[in-house]
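Student: prediction below, plus the sequence it came from.
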Amino acid sequence: MAGSRQLLDPPDVAPADGLVFDQEFLRKLERLEIVARKIARGRLRGEHTHRRRGKGLEITDFRRYQPGDDFRHIDWNILSRLDRLFVRLYAAEEDLTLHLLVDCSASMGFGRPAKFDYARRLAAALAHIGLHNLERVALAGFANGLGASLPPLKSRRHMTTVLDFLLSLDCRDATRLDTSLREFAARASEPGLVVLISDLLTAGTRRGLAALRGRGHAVVAIQVLSEEEIDPPLDGALRLVDAEDGRELRVTVDAPLRAAYRAALGARLEALETHCRQSGIEYLRASTAVPFEDLVLKYLRRGTYLR
């Protein structure tokens, strides 16, 4: 696969500051919209209008009048032209909160480029789309529990706050995904769209996802893996050290062992994808070797929540 192209503006910004995108990419992001079709209606009236029929401001369609329909929704202009009763159908307005949860555990520091840098760039891009469309956008990091967070923001001028927050995060500590997501689910007062960005390689992933769905959130799980994890370039006698707990494993790597590893990883990833699909969770697996623009502008747009 092609290497990830840096999207830096200005071009001499250090890689750690790669959350600042060039203007061409920003214009492409601003043509996108985050859509939450499965979210319960919020208490507040927002500026984002979802195509869910109900009582709202924008007329989306008409249908024949049926006994019991509200007379106030009858379109009298159609009656005068066609001598038939039709009622107006409206697009209900919903106040959407987009929650971006970024895995900050030590394992996210693995790879070239690091999964953590890729995850933060993805969070920055999605936050930009949300704020540009006047969505409420909230962010949080997690590792062995829910960590630093930003409350919901709803203005394009807050993008600098988002970038500063993402740059303040670092990856360390072990992953306790189920604990982190249960803490988030207990804290979030209203259902929203939760985008989880993580390598999802820890135990408890399914329990954590279930906690989000149990609180009525629509969930998008984006699994970020490095190419070195998918197909490790290892050979010979090695000492492997766990990035999170420091445990060591001495092993001799050869072709059969690499094949067994790839098979085991493939089965695990397929089982997670199946579980997400059966649980009503949108799932996307991304390699850091995929050019970042392709991930956002092509692969994410194939799903339900980005168009």
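Tutor: Arrived safely, thanks for sending. Residues are numbered from 1 along each chain as shown.
Student: all contacts plus neighbour counts: C-alpha atoms, from now on.
Tutor: OK.
Student: run through the protein and note the low-pLDDT ranges.
Tutor: Low-confidence segments of the chain (pLDDT under 70): 1-18, 35-61, 68-69, 89-95.
Student: tell me where it has helices.
Tutor: 23-29, 76-82, 115-132, 159-168, 177-187, 205-214, 227-230, 255-278, 292-294 (DSSP state H).
Student: check which helices and strands the fourth one sits against.
Tutor: Packing contacts for helix 159-168, counted by 3 or more Cα pairs under 8 Å, 6 or more residues apart in numbering; DSSP states H and E, involve helix 115-132.
Student: report all helices and strands that the helix it packs on contacts.
Tutor: helix 23-29, strand 97-103, strand 136-142, helix 159-168, strand 193-198, strand 218-225.
Student: single out the most deeply packed of those.
Tutor: strand 97-103 (a mean of 27; mean count of other Cα atoms under 10 Å).
Student: report the angle between that strand and helix 177-187.
Tutor: 160 degrees (axes from the mean of the first three to the mean of the last three Cα atoms, to 10 degrees).
Student: what pairs with strand 97-103, parallel or antiparallel?
Tutor: The strands beside strand 97-103 in its sheet (DSSP bridges) come out as strand 136-142 (parallel), strand 193-198 (parallel).
Student: with distance to residue 177 added, can I get these in CSV?
Tutor: As requested, the strands paired with strand 97-103 are arranged in CSV below (distance: least, Cα to Cα, whole Å):
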stretch, distance to residue 177
strand 136-142, 8
strand 193-198, 9
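Student: so which of these gets nearest residue 219?
Tutor: For those, the distance to residue 219 is smallest for strand 193-198, at 4.9 Å, taking Cα to Cα.
Student: any residues touching that closest one, and which ones?
Tutor: 36, 39, 96-103, 108, 119, 123, 217-224 (Cα atoms under 8 Å, 6 or more residues apart in numbering).
Student: before we move on, what about stretch 128-142?
Tutor: By Cα under 8 Å, 6+ apart, the list of residues contacting stretch 128-142 reads 29-30, 32-34, 46-48, 95-105, 127, 146-156, 158-159, 162, 169, 177, 180.
Student: let's see 6 Å
Tutor: Stretch 128-142 is contacted by residues 29-30, 97-104, 147-156 when judged by Cα atoms under 6 Å, 6 or more residues apart in numbering.
Student: can you check stretch 241-259 too?
Tutor: By Cα under 6 Å, 6+ apart, stretch 241-259 touches 106-107, 173-174, 235-240.
Student: if we use 7 Å, what do you get?
Tutor: For stretch 241-259, contacts defined as Cα atoms under 7 Å, 6 or more residues apart in numbering pick out 106-107, 173-174, 234-240.
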